[in-house]
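> Generate a structure from the sequence data that follows.
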Amino acid sequence: MYLFFERGIRGGISGCSKRYAKANNERVEGCDNTNEKSYLAYLDACNLYGHAMGENKLPTGGFVWLTDEVINTRFNPIEKILTLDDKADTGYVFEVDLEVPQHLHDFLSDYPWLQPWRQYNRSGSVRFNKSL
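Residues are numbered from 1 along each chain as shown. You can find the predicted model right below:
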């Protein structure tokens, strides 16, 4: 179980950016009223780790593996995941395999949903992500 959690550790600096953005509103020169209004925002969030430590219930023990039988008979796994209460006393950790549809690849290219620590090529060999 320790290795399960260790494999899920992520960290480091992250940033979301687009190479070019242009605001279109009454406060900028060259506003085009025929197009939808748009604004730019820069956010710098500090101490996210400290915030998470203070605001969330963090697991401290009592971990158990759920068997396939329990998962498939007690609840519909997908429905359960989508309706979990963030403030509940019981939490879950999921290991999932994701397939991102091809039409979303460009949309997600600047900042992927999940940063894998290892990637598999078609031959099945592992390529570790050197950026982590």
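
> Asp89 - nearest residue in space that isn't next to it in sequence?
Excluding its sequence neighbours, the residue lying closest to Asp89 (Cβ to Cβ, 6 or more residues apart in numbering) is Lys57, at 7.3 Å. All C-beta spots, glycine's among them, are computed from the backbone N, C-alpha and C.

> what about the one you found, distance to Phe75?
21 Å (Cβ to Cβ, to the nearest Å).

> Which stretches in this protein count as helices?
For the chain, the helices defined by DSSP state H occupy 2-7, 48-55, 68-74, 77-82.

> The last one: how far from the chain's middle?
This means helix 77-82. 17 Å (Cα atoms, centre = their mean, to the nearest Å).

> Could you list the buried residues of it?
Of all the residues in helix 77-82, not one is buried under the rule 16 or more other Cβ atoms under 10 Å.

> State the mean pLDDT of it.
Helix 77-82 shows a mean pLDDT of 79.

> one step back: out of the helices of the chain, which comes closest to Glu95?
Of all the helices of the chain, helix 2-7 sits nearest to Glu95, with 6.9 Å by Cβ to Cβ.

> Run the chain-centre distance for the closest one.
18 Å.

> Kindly report the same for stretch 22-41.
From the chain centre to the centre of stretch 22-41 is a distance of 30 Å (Cα atoms, centre = their mean).

> just stretch 51-64 next, same as before
That offset, for stretch 51-64, works out to 18 Å (Cα atoms, centre = their mean).

> Quick one: end-to-end distance for that stretch.
With Cα to Cα, to the nearest Å as the measure, stretch 51-64 spans 27 Å from end to end.
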